[in-house]
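# missing the sequence, but the structure's below:
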């Protein structure tokens, strides 16, 4: 599909030099019409293409060094600051070792130029059903830390998305970081994506598993492009708990994941095709974890 870009619409621009300045600026905006961004790889092209209405002011967070981190703590887990890039997650030795689905999902995003600029938090805040970071973060039990002047709150990831392009961020709030708890001993994970070249996922499936005595003790399956927001495949997870990852059990769980999906048709793929591919990718992901 050809997109004809026009000139960038008019808006005021602010580049705060501290987190306090950024939060104060957002607090001034009682109607929550200003738009904050980090990498800008999603919001700026959408503004230029007139997909979204131009805000009165855009707030560029890229100068806030205190939000640029990807840190590991054995007790708390992995902390991904609002300015940590997708490339940071893709190349992090800790992410590759302990959060394989996250690293694979980050590497699956677009091309080097985009990964060097885009942020993990920005990908989550876009609230796209096809966001590559979403299924991996779901299976890694990620939490979202939101801040505003004088207040901090933590949300489960599935509480953060309200609908396509819509999040639970309140007026004056920013996402400070995403926190992934330490993985359990022996936990393994994977992310698989179906797409045309380096584009948005037609379907994305992440899975993580902990086996005990050959049987599933913990299982997470996250789906992208399976509904209005990224979701966990709860029925498939329930079907596998306590079971061995046999080909029959895997096939049953993959069908359950597809049957529970609320896929939609678009110019990129039909809803029926997406459901079929959810089953295929779920089966492949679980098979990879069983080997």
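It's in. These numbers were taken from a predicted model, which means no experiment stands behind them.
# looking at this protein, which residue lies furthest from center?
Ranking residues of the chain by C-alpha distance from their mean position (CA atoms, centre = their mean) puts residue 213 at the top, at 31.8 Å.
# how about that one, what does it touch?
If a contact means CB atoms under 8 Å, 6 or more residues apart in numbering, then residue 213 has no contacts. The way it works is simple: take the backbone N, C-alpha and C, and place the C-beta from them, glycine included.
# for it, give its distance to residue 183.
Distance of residue 213 to residue 183, given as CB to CB, to the nearest Å: 19 Å.
# pop the domain breakdown of the protein in here.
12-60, 67-180, 190-290 (automatic domain parsing).
# buried ones in the lowest-mean-pLDDT helix or strand in the chain?
Least confident helix or strand, the chain: helix 43-48 with a mean of 87, by mean pLDDT, DSSP states H and E. Neighbour-count burial for helix 43-48, counted by 16 or more other CB atoms under 10 Å, picks out 43, 47.
# returning to that earlier point: and the pLDDT for the residue farthest from the centre of the chain?
Looking at residue 213, its pLDDT reads 94.
# distance check, it against residue 244.
In this structure, residue 213 and residue 244 are 9 Å apart, going by CB to CB.
# with adjacent residues omitted, what lies nearest to residue 69?
With sequence-adjacent residues excluded and distances taken as CB to CB, 6 or more residues apart in numbering, residue 69 is closest to residue 81, at 4.1 Å.
# how about residue 152?
residue 145 (6.6 Å).
# that neighbour and residue 72, how far apart?
Going from residue 145 to residue 72 by CB to CB gives 16 Å.
# residue 158 contacts residue 138, correct?
Yes: using CB atoms under 8 Å, residue 158 is in contact with residue 138, at 7.0 Å.
# which neighbours do the two share?
Residues touching both residue 158 and residue 138 (CB under 8 Å, 6+ apart) are 231-232.
# between the two, which one's more packed in?
residue 138 (24 against 14; other CB atoms under 10 Å).
# so who does the more buried one touch?
With contact taken as CB under 8 Å, 6+ apart, residue 138 is in contact with 157-158, 206, 220, 222, 230-232.
# want to try TSV for these, with secondary structure and distance to residue 101 as columns?
Formatted as TSV, the contacts of residue 138 follow (DSSP: H, G, I helix; E, B strand; the rest coil; distance: CB to CB, whole Å):
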residue	secondary structure	distance to residue 101
157	helix	13
158	helix	16
206	strand	4
220	strand	9
222	strand	8
230	coil	13
231	strand	15
232	strand	13
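# lowest pLDDT pick from the residues you listed?
Per-residue pLDDT puts residue 158 lowest of those, at 91.
# so which helix or strand takes in residue 123?
Element membership for residue 123, per DSSP states H and E: helix 120-125.
# now the helices for the stretch 51-200 of the chain?
Secondary structure of the stretch 51-200 of the chain, counting by DSSP state H, counting those that start in this stretch: helices at 86-91, 93-98, 100-107, 112-115, 120-125, 134-139, 157-160.
# show the pLDDT at residue 2.
In this model, residue 2 is scored at 58, pLDDT.
# equivalent analysis for the one 4 residues further on, please.
Each residue has a pLDDT score; the one for residue 6 is 73.
# what's the local residue count around it?
8.
# for it, helix, strand, or coil?
The three-state label for residue 6, taken from DSSP: H, G, I helix; E, B strand; the rest coil, comes out as coil.
# tell me the contacts of the residue lying closest to residue 168 once chain neighbours are set aside?
Closest residue to residue 168 apart from its sequence neighbours, by CB to CB, 6+ apart: residue 160 at 5.2 Å. Residues in contact with residue 160 (CB under 8 Å, 6+ apart) are 124, 144, 167-168.
# next step: those residues restricted to strands.
Using DSSP state E, 144, 167 are the members of those that sit in strands.
# of the contacts of residue 160, grab the buried ones for PyMOL.
Applying 16+ other CB under 10 Å to these, the buried members can be selected in PyMOL as follows:
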select buried, resi 124+144+167
